[in-house]
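[1] Fold the following for me, if possible:
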Amino acid sequence: MKYFEVPPHPSLTDYIDAYWTAEGDSAGSIAEKILPDGCVDIIFNTGSDCVTDNGTFTMENERTYLVGTMTRFKESIMDTDTSLSGVRFKPAAISAFFNFFSLDEITNQTVELSGAPLFDLKKVITNQVDYFNRYFTSRRSKPNHFVTQVIQTIRQRRGQIKVNELAGIHCTTARQLERIFKAHIGTTAKDFIDFIRFQNAADMIKHRKSNQSLLSVALDCGYYDHAHLTNEFKRRSGTNPG
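    As a prediction, this is how the structure comes out:
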């Protein structure tokens, strides 16, 4: 598979993580594992039909799709004629451009954006970056600063914080946090906290020193033991942490 990423215009970096393209190659049909990243994507299929969501959904040619927040890995089948373009939004940021529905309705799912066309597919194909920058700059509204601040706290704590403590820091209730996270991110506050902890552990494992054990990483990241870390990795990524 050929995969490329391009950063958005600087004025959009608080909202959009990257514009990306993914294309098949001469290797033929290959199953590509996609790991959860806490983000929501809009995907444009400009190539042949593409089977995704572990074989349960097909993205058809010249259609546009919304991919909800993933809490676990999924696989997509990339064929020689596969050609996808996408916009990856940072957690809770897509609401600055669209008001589709509560994002918990499509967690771990791919759904078609049907009805009146939101995008010009020809411009996506011919001049993706310039078109996206103009499009999203024109649609941008004020972000939800409360959600952004809560996410920042979770990241600063590296996912090692309880929901009740998080609610207290931001002068709200655990129930209100759950409602906001389901609507704007697509997961519960607890699951998002656990995901940030998993991301931090994955980064530590990737850059760990040769004498640093997985047990040490597990304890540093707030897991009970090596087994707790391993189970979380298998659930999120389908692989062992080693």
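[2] residues contacting the residue nearest in space to the middle of the chain?
    By CA atoms, centre = their mean, the mean C-alpha position of the chain lies nearest to C39, the distance being 2.3 Å. Shown in contact with C39 (CB atoms under 8 Å, 6 or more residues apart in numbering): D17, T69, R88, F89, K90, P91. From N, CA and C alone the C-beta is placed, and that goes for glycine too.
[3] make it 6 Å
    Going by CB atoms under 6 Å, 6 or more residues apart in numbering, C39 touches D17, R88, F89.
[4] so how far is H226 from it?
    Separation of C39 from H226 (CB to CB, to the nearest Å) stands at 29 Å.
[5] Equivalent analysis for V163, please.
    25 Å.
[6] what residue ranges in this structure score low on pLDDT?
    The model of the chain has pLDDT under 70 over residues 115-117.
[7] what's the following helix or strand after the longest helix belonging to it?
    Longest helix of the chain, by residue count under DSSP state H: helix 189-206. Where DSSP states H and E defines the elements, the next helix or strand beyond helix 189-206 is helix 214-220.
[8] what angle separates the helix or strand following that following helix from helix 189-206?
    Where DSSP H and E defines the elements, the next helix or strand beyond helix 214-220 is helix 226-237. Counting by axes from the mean of the first three to the mean of the last three CA atoms, to 10 degrees, helix 226-237 lies at 100 degrees to helix 189-206.
[9] can you pull out the strands in the protein?
    2-6, 16-23, 30-34, 40-45, 50-52, 57-59, 63-67, 74-78, 83-89, 110-112 (DSSP state E).
[10] Given the fifth one, what are its sheet partners and their directions?
    Looking back up the chat, that one is strand 50-52. Take DSSP bridges as the rule and strand 50-52 pairs in its sheet with strand 57-59 (antiparallel).
[11] for the fourth one, same thing?
    The strands that strand 40-45 pairs with in its sheet are strand 63-67 (antiparallel), strand 83-89 (antiparallel) (by DSSP bridges).
[12] Against R63, how distant is the residue nearest to the centre of the chain?
    C39 sits at a distance of 20 Å from R63 (criterion: CB to CB).
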